[in-house]
Structure formats: C-alpha cells, structure tokens
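K.L.:
what's the 3D shape of this:
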Amino acid sequence: MKVFILGATGFIGLPIAQAFVRAGHVVYGQTRSEEKAKQLTAEEIIPIVCDPSHVNTYMHLIPTLDVIVDAVGGSNLKVASESLLNVVATAASTLRHFTAPRLTYIYTSGTWVHGENRKDVVSDTTAVSNPIELTAWRPEQEQRVINNSHVNGIVIRPSLLYGRSGSLFVPLFRRAYEGKVAWHGEPGGRLALIHCDDLAEVYVLAAEKAAIAGGKIFDASNDINESADAFLQRLVEVSGANGPYEYLESTNLFEKALGTTTIIRPYLARALLGWHPRKAGLIDHLEVYYNSWKASEGLP
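P.N.:
Numbering: from 1, shown residues only. Take a look at the predicted model:
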C-alpha cells in the first residue's frame, strides 16, 4: 500500500509511520520542518514538507494513495480536522480513477470523548453522550469521517499514551526529576492507557483490513485501567523524588482532561482486526519508561 501520514513527526504520527514501514508499505510523511524531514528520510519515510492545511502540496498523491492517516496535533484542531476531511474527500472524488477503491481515511480522535465516569464500564460501541469539555467537538467529527461518502472513513481513539519520549507525561516526569511528583486530578482515579508502539499497530491493521474496518470506531486502550494513585507512588520510588505525591488543581481544560477517569474495556479492534497490546503496563515497567524519557531529554 501507499500510505500518507499527516503529522508524521509527532508522538503519535512517528510510531505509526515507522510501523507502516516495518510492515512493508510505501510511506509518505508530512512535516513542517526541513530538519525533521531528514529524520523521516532516515526512517525510510518519504518526507512532504508543508503545513497540513496546504493540501495542494500533496494533492498529486491522492490519485494513487491507499490510505491517509490524520495524526495532526496542535491548536485549533476542530477547524483543521473538519477542513482536512472536506478537502481530501473532495479531491478523492474528483482525482481518483473510477476503478480505484475509495481512499481510506483514518482519523485520530481519543478516548476522552467517553468523558469522566468512575462507575460504568464503556467500550467502542458505547454512546459518547457526555464527552469532556476539551474534546466535546470530536464526536461530531468522528461521525463526519465514518459517514463520508467519498472516503472509507475509520476512527481510532487512543487512550493516554506512554513510552518512548513520554508524550503527555513529560511535565510529570520533569517535575519528578526535579524532586516532586504532582499530577492533575483527584485521588482514586484510574488511567486508561496505551503504549505508542501498540497504538501504531492498530493503525496498520485497520489500514490493511480497511474493507472490514471502514465505517468503524475503535478504542485503542489496554485491557486494564491502572490506578493513578499507585502510578504516582511508583514514580516517587523510581525517580527518587521527595514524597508524598500530590494532586494539582486544574487551571484549564487540558489539565482537567489529564485527570479524567474512564473505565474502558475495548473489544472491537481485538475482534475485527486481531489486535492485542504487547507492551508491559505503565506501572510494571515504569523504570524503563522513565529512563527512556530521561535519555530522550539527554539527562543522566
């Protein structure tokens, strides 16, 4: 297959692009940076240097692509996500040969759409009627993707990522390295998690099995949610920080999102795609993950 990753140097996008390369596919990767383009080339990913909104830069790829993955990060994602889908769908409907299958479009959402819920177990097919405020716009975008008539739309919802350079845990690890463990939320919370490498595998499987994955929404999360209290206590031990750990009061919507508890038991990717997370949990291998973050920061 020919695959194009939008946001190919991000914490989600780079492992996805690398996984497609390992699976033997031709991979193009969008980046805004000439320097990061060299990183992509070294990974056997063909770089496309542009802003993701500058669709004309990569329009020539649309006729022969099999898959586009939207893994774009940054601000104002609500407008950017809708615009990207519309432009790509229009291009696909006009530029692709009538014998070509519909272009597969994989959109990256997130399990925060399930909202804060410490009582009920939710899964891929649970209605998302109470998303957290930060991502309240995403359910509508998910429906636009899977119901678009010009592309074969698939939605993947990653849980909170861990591994490698740390993802959203970077500020927490940095505070721990400086001597104090503090996280947003309240005691008794649970973390829905997925390692970045396991997440990448979901994208490859969804793309390769697009004929059955089209029109579906997949929660990408480990089988077991982990105790936030136990994680923070373990981080105190691993980092050598001064205990006890503490919880911070949220001052914005993003910090509030980090403290979200959702009890997720996903099944659809396992049942339809044959996907099974392989990486050790966050707490079990926290020393490995913490040291990986330190190495990525050049810390001793």
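K.L.:
ok, Trp275 - contacts?
P.N.:
Residues in contact with Trp275 (Cβ atoms under 8 Å, 6 or more residues apart in numbering) are 201-202, 205, 269. Backbone N, C-alpha and C define where each C-beta goes, glycine included.
K.L.:
in TSV: those residues, plus pLDDT.
P.N.:
Putting those into TSV (pLDDT from 0 to 100) gives the following:
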residue	pLDDT
Glu201	98
Val202	98
Leu205	98
Ala269	98
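K.L.:
most neighbours among these, which one?
P.N.:
Highest neighbour count within these, by other Cβ atoms under 10 Å: Val202, with 27 neighbours.
K.L.:
before we move on, the earlier item: could I get the contacts of Trp275 as TSV with distance to Lys38 and secondary structure?
P.N.:
Below are those laid out as TSV (distance: Cβ to Cβ, whole Å; DSSP: H, G, I helix; E, B strand; the rest coil):
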residue	distance to Lys38	secondary structure
Glu201	26	helix
Val202	28	helix
Leu205	29	helix
Ala269	33	helix
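K.L.:
tell me the one among those nearest to Asp284.
P.N.:
Checking these against Asp284 with Cβ to Cβ, the nearest one is Glu201 at 19.2 Å.
K.L.:
so that closest one sits against Ile16, correct?
P.N.:
No: in this structure, Glu201 is not within contact of Ile16 by Cβ atoms under 8 Å, at 9.2 Å.
K.L.:
am I right that Gly243 sits in a strand?
P.N.:
Yes: Gly243: assigned to a strand according to DSSP: H, G, I helix; E, B strand; the rest coil.
K.L.:
begin at 777 from now on, thanks
P.N.:
Taking 777 as the first residue, the last one we looked at is Gly1019.
K.L.:
so who does the nearest residue to it once chain neighbours are set aside touch?
P.N.:
Excluding the flanking residues, the one nearest Gly1019 by Cβ to Cβ, 6 or more residues apart in numbering is Val1012, at 4.5 Å. When the contact criterion is Cβ under 8 Å, 6+ apart, the partners of Val1012 are 952, 957, 1018-1021.
K.L.:
show the buried residues in those.
P.N.:
When the contacts of Val1012 are checked for burial by 16 or more other Cβ atoms under 10 Å, the buried set is 952, 957, 1021.
K.L.:
and Gly942, what's its pLDDT?
P.N.:
pLDDT, Gly942: 88.
K.L.:
what about the spatially closest residue to Lys1070 that is not a sequence neighbour, is that helix, strand or coil?
P.N.:
Excluding the flanking residues, the one nearest Lys1070 by Cβ to Cβ, 6+ apart is Tyr953, at 7.0 Å. At Tyr953, secondary structure determined by three-state DSSP is helix.
K.L.:
contacting residues for Arg878?
P.N.:
Going by Cβ under 8 Å, 6+ apart, Arg878 touches 868, 926-928, 990.
K.L.:
make it 10 Å
P.N.:
By Cβ atoms under 10 Å, 6 or more residues apart in numbering, the residues touching Arg878 are 865, 868-869, 872, 924-929, 986, 990.
K.L.:
buried ones in stretch 790-800, by neighbour count?
P.N.:
Neighbour-count burial for stretch 790-800 flags 790-797, 799 (criterion: 16+ other Cβ under 10 Å).
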